[in-house]
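Novice: This is the structure alone, sequence omitted:
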């Protein structure tokens, strides 16, 4: 017990936090706790709230962190951030001990302000650079097939750590938008509490005002113009139930892989179509290993950005992700073989076996008003004659 206590003291609170964050990021059966640390980021929370103009109760976790930051400067960075701990660890091994970050402008502050203004206007500009997004995104590579595309796309954390061998301390001090947001919260506190404002030269105040104006203006322009250039084409893939429209989903999704790791049937994969750059690495449904369970809402419970809206299992009837389509000529019934597996598998009673008009030939009929595209019929169909057409392509 004494040895464990010594190890804990040596690692420190942030080191222990990194261990917890890593365990929750690895694709174990954590249920709704998978990738929980992404919920702690006020930067992700504010980008999501500003874009969607709505909140969920889990946003309160990040809001609580924001409140603490108001009283304790960079509280999250100092005590909880696994990326900051990892960067500091690598920086301590750097041979460039004399490297100074003081001459580098505070890009993290500018990115934080620009991103929040842009999110309010239509696009969360730098949400993918949040350290919790980068951290969970790295572990997403272990949640599915180890493809070259997935490995390349999820190298953010290794590249960030490697950079600290040459530029120790640069991420936390100057580049991290979450850290920059926390610094701005401290500045807000000084503005509110006039007695604690440190008087500075008028020129310094003017420079600060110009930087604020520039960052906000950049975010506003980006929020108004970029969505027009980044409009997704008609979807030819199936997104998780409860996904926001494609025009928002591709921009709001963190590519963190939480939903992929949480999916009990393993049907969520990374979208790696090189011709659809805006949707690169977002989650899509592939019915190779199973179907979307009618009593499951885990993907919506672990999505920290709101790209997948929180829903109850009962609400799935109102959240279609596609429509079952039967290739009648390949159906066993056409071949005079008795079969009703698709009808039996459908929990939504969307498939019936009826006589084809004017004949005695029985065929499966899909009711588009009841079908949600869960894929149960497609998975169980012996000749694999049923396919699911994405809602966006119907």
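Specialist: Noted; the coordinates are in hand. Model, not experiment: these values are computed from the prediction. Numbers count the residues shown, from 1 in each chain.
Novice: what's the spacing between the residue nearest the centre of the chain and residue 76?
Specialist: Nearest to the centroid of the C-alpha atoms of the chain, with distances taken as C-alpha atoms, centre = their mean, sits residue 254, at 2.9 Å. In this structure, residue 254 and residue 76 are 17 Å apart, going by C-beta to C-beta, to the nearest Å. Just so you know, the C-beta spots here come from the backbone N, C-alpha and C atoms, and that holds for glycine as well.
Novice: hang on, the earlier thing: per-residue confidence, the residue nearest to the centre of the chain, what does it come out as?
Specialist: Reading off the confidence values, residue 254 has pLDDT 92.
Novice: can you tell me the helix or strand for it?
Specialist: No secondary structure element spans residue 254, as it lies outside all helices and strands (assigned by DSSP states H and E).
Novice: Now the phi/psi pair for it, please.
Specialist: Taking degrees, to the nearest 10, you get phi -80, psi -10 for the backbone angles of residue 254.
Novice: Give me the distance between it and residue 385.
Specialist: From residue 254 over to residue 385 (counting by C-beta to C-beta), the distance is 37 Å.
Novice: who's in contact with the closest residue to residue 45 other than its chain neighbours?
Specialist: Spatially, and ignoring its direct neighbours in sequence, residue 45 is nearest to residue 62 (3.6 Å; C-beta to C-beta, 6 or more residues apart in numbering). Contacts of residue 62 were listed using C-beta atoms under 8 Å, 6 or more residues apart in numbering, and they are 39-42, 44-46.
Novice: repeat that for 10 Å
Specialist: Applying C-beta atoms under 10 Å, 6 or more residues apart in numbering, we find residue 62 in contact with 38-46, 48-49, 76, 132, 304.
Novice: hmm, which of the residues you listed are the buried ones?
Specialist: 38-46, 48-49, 76, 132, 304 (16 or more other C-beta atoms under 10 Å).
Novice: okay, those residues in JSON lines with pLDDT and secondary structure next?
Specialist: Conversion of the buried ones among the contacts of residue 62 to JSON lines gives the following (pLDDT from 0 to 100; DSSP: H, G, I helix; E, B strand; the rest coil):
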{"residue": "38", "pLDDT": "95", "secondary structure": "helix"}
{"residue": "39", "pLDDT": "95", "secondary structure": "helix"}
{"residue": "40", "pLDDT": "96", "secondary structure": "helix"}
{"residue": "41", "pLDDT": "96", "secondary structure": "coil"}
{"residue": "42", "pLDDT": "96", "secondary structure": "helix"}
{"residue": "43", "pLDDT": "96", "secondary structure": "helix"}
{"residue": "44", "pLDDT": "96", "secondary structure": "helix"}
{"residue": "45", "pLDDT": "96", "secondary structure": "helix"}
{"residue": "46", "pLDDT": "95", "secondary structure": "helix"}
{"residue": "48", "pLDDT": "95", "secondary structure": "helix"}
{"residue": "49", "pLDDT": "94", "secondary structure": "helix"}
{"residue": "76", "pLDDT": "95", "secondary structure": "helix"}
{"residue": "132", "pLDDT": "95", "secondary structure": "helix"}
{"residue": "304", "pLDDT": "94", "secondary structure": "coil"}
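Novice: Surely residue 189 and residue 73 touch.
Specialist: Yes - the pair residue 189 and residue 73 passes the contact test of C-beta atoms under 10 Å, sitting 8.9 Å apart.
Novice: Give me the secondary structure label for residue 352.
Specialist: Secondary structure assignment for residue 352 (DSSP: H, G, I helix; E, B strand; the rest coil): strand.
Novice: So it is in contact with residue 364, correct?
Specialist: Yes - in this structure, residue 352 sits in contact with residue 364. The criterion is C-beta under 10 Å, and the distance is 7.4 Å.
Novice: pLDDT weak spots in the stretch 51-200 of the chain?
Specialist: Judged against pLDDT under 70, the low-scoring parts of the stretch 51-200 of the chain cover residues 143-150, 153, 192-200.
Novice: switch to 90 and redo it
Specialist: For the stretch 51-200 of the chain, residues meeting the criterion pLDDT under 90 lie at 53, 55-57, 70-71, 92-107, 109-110, 113-114, 116-125, 137-156, 184-200.
Novice: dump the residue contacts of residue 81.
Specialist: With C-beta under 10 Å, 6+ apart as the criterion, the residues that contact residue 81 are 14, 17-18, 21, 37, 40-41, 74-75, 87-88, 131-132, 135, 172, 176, 178-179.
Novice: out of the residues you listed, which are inside strands?
Specialist: The strands, defined by DSSP state E, take in nothing from the contacts of residue 81.
Novice: For ChimeraX, write the select line for the buried members of those.
Specialist: For the buried members of the contacts of residue 81, the matching ChimeraX selection, counting by 16+ other C-beta under 10 Å, is:
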select :14,17,18,21,37,40,41,74,75,87,88,131,132,135,172,176,178,179
